[in-house]
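> Quick one: sequence plus predicted model below, questions after.
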Amino acid sequence: MAKKKKEKEPIKITHVMADGSVRDSIEGYVIPGNDKFKVIYQILAGVKVV
């Protein structure tokens, strides 16, 4: 008998903002520029989601 593959559950990301509000999406939210995090933003911009 063939084994059934267990389906992966989708990943859910919750964004907690500095003011304490919680968002499911940050679509349309402008992230302010910051030299401290510039490299992190550049790395994340190059990450491909599979």
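All right, it came through fine. Residues are numbered from 1 along each chain as shown.
> Could you use CA atoms for every contact and neighbour count after this?
Noted.
> This protein: helices as residue ranges?
Using DSSP state H, the helices found in the chain span residues 38-46.
> centroid residue for it?
I13 (5.8 Å; CA atoms, centre = their mean).
> doesn't D24 make contact with that one?
Yes. Counting by CA atoms under 8 Å, I13 touches D24, with 6.6 Å between them.
> coming back round to it: what's near enough to touch the residue nearest to the centre of the chain?
Neighbouring residues of I13 by CA atoms under 8 Å, 6 or more residues apart in numbering: D24, S25.
> Low-confidence bits of this protein, can you list those?
Scanning the chain for pLDDT under 70 picks out 1-3, 48-50.
> please redo it, this time with the cut-off set to 80
For the chain, applying pLDDT under 80 flags the ranges 1-6, 31-34, 41, 47-50.
> burial count for P32?
5 (other CA atoms under 10 Å).
> where's it relative to K8, distance?
34 Å (CA to CA, to the nearest Å).
> what does K38 give?
33 Å.
> again, but for T14
18 Å.
> ditto for L44
Taken as CA to CA, the span from L44 to K8 is 24 Å.
> Which one of the two is surrounded by more residues?
Using other CA under 10 Å as the criterion, L44 and K8 rank with L44 on top: 9 against 6.
> Many thanks, I have nothing further to ask.
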